[in-house]
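1. Return a 3D structure for these sequence lines:
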Amino acid sequence: MMHEYITIFIAFKAAIFKSFYETMDMMFTSMLVSLFIGLLLGFVLFTTGANGIYRNKIVYFILSSVINIIRSIPFILFIIVLIPFNRMLLGTGFGVDSSKIPLSLIGMATFARFAEKDMLDVNKNIYETSYALGANPIQYFIEFLLKEARTGLVLSFTSTTISLLSYSTVMGIIGGGGLGYLAINEGYYNFNYKLMWIIIVMMILIVQIVQTVGNGIAKKIDKR
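-> As a prediction, this is how the structure comes out:
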């Protein structure tokens, strides 16, 4: 039985490695966008919310609504809806680069909501402490808020990364390729179930590695 799986892996080795690279390429870009822009949006949600230091109902409502809309649209439909935008921005609506746009947007929206929650969980007295010490808003955000919320933020980003990996499996509908596309197109549709299971195991291993690394980093920086 194992010999058959090894034979299939060797036969499709080039396609598997190519698909793995495509998945990692899409993931890397979307992870960076999710981390930096998602974190910034989460901070804006936190500071303009009902209990924020810069309460602004209009800003919060608009930003929160946009994030909710992005997260509520079924991802396959979201990909299709963005094809004209991809074409306008990149000159083409298809390919690996075009796949990075919907992945980045959904990752950004997901992590922004997670980040808002993690910041809301921080002790409310942190702001008063930073204010008493003369910290400006940027220092408050970096030196106080982020340090207190960092464990939760790492775990939230880990969950976002795993979600992005799951979302990447359907990017084949706009030519994004990746492991998911190979599993469906060459595995399921061609009745090559052994190839499909090889890729499923690879995806499981990637998730395990991501979760283990995320948990390890969160444990290491947790100073509570």
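2. where does the chain dip in pLDDT?
-> Scanning the chain for pLDDT under 70 picks out the ranges 223-224.
3. all helices of it, in order?
-> Counting by DSSP state H, the chain has these helices, from start to end: 2-11, 13-48, 57-72, 75-81, 83-90, 96-120, 125-132, 137-139, 146-168, 179-182, 193-221.
4. Can you redo these as a markdown table, where the extra columns are mean neighbour count?
-> (Each C-beta comes from the backbone N, C-alpha and C, glycine too.) Shown next, in a markdown table, are the helices of the chain (neighbours: other CB atoms under 10 Å):
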| stretch | mean neighbour count |
| --- | --- |
| helix 2-11 | 12 |
| helix 13-48 | 19 |
| helix 57-72 | 14 |
| helix 75-81 | 15 |
| helix 83-90 | 14 |
| helix 96-120 | 23 |
| helix 125-132 | 13 |
| helix 137-139 | 12 |
| helix 146-168 | 20 |
| helix 179-182 | 24 |
| helix 193-221 | 15 |
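5. Surely residue 150 and residue 220 touch.
-> No: Residue 150 is not in contact with residue 220 according to CB atoms under 8 Å; the separation is 10.4 Å.
6. what's near enough to touch the residue lying closest to residue 84 once chain neighbours are set aside?
-> Counting by CB to CB, 6 or more residues apart in numbering, residue 84 lies nearest to residue 93, which is 6.8 Å off, once chain neighbours are set aside. Contacts here follow CB atoms under 8 Å, 6 or more residues apart in numbering; on that basis residue 93 touches 82-84, 86-87, 174.
7. from those residues, which is closest to residue 22?
-> Here the nearest of the contacts of residue 93 to residue 22, counting by CB to CB, is residue 174; it sits at 12.3 Å.
8. on that earlier part again, dump the contacts of residue 93 into TSV; add distance to residue 133 as well.
-> Compiled in TSV, those are given as follows (distance: CB to CB, whole Å):
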residue	distance to residue 133
82	45
83	50
84	50
86	47
87	51
174	50
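9. ok, these vs residue 23, which is closest?
-> The shortest approach to residue 23 among these belongs to residue 174, at 14.5 Å (CB to CB).
10. can you pull the contacts of that closest one?
-> 79-80, 83, 86, 93-95, 98-99.
11. For residue 187, see how far away the residue nearest to it when sequence neighbours are not counted is.
-> When the adjacent residues along the chain are set aside, residue 174 lies closest to residue 94, with 4.8 Å between them (CB to CB, 6+ apart). According to CB to CB, to the nearest Å, residue 94 stands 22 Å off from residue 187.
12. cool, residue 99 as well?
-> Counting by CB to CB, the gap from residue 99 to residue 187 is 19 Å.
13. go on, residue 142?
-> Between residue 142 and residue 187 the distance is 46 Å, computed by CB to CB.
14. With neighbour numbers in mind, choose between those two.
-> residue 187 (22 against 11; other CB atoms under 10 Å).
15. I'd say the more buried one and residue 201 touch.
-> No: Residue 187 sits out of contact with residue 201 when judged by CB under 8 Å, with a separation of 12.0 Å.
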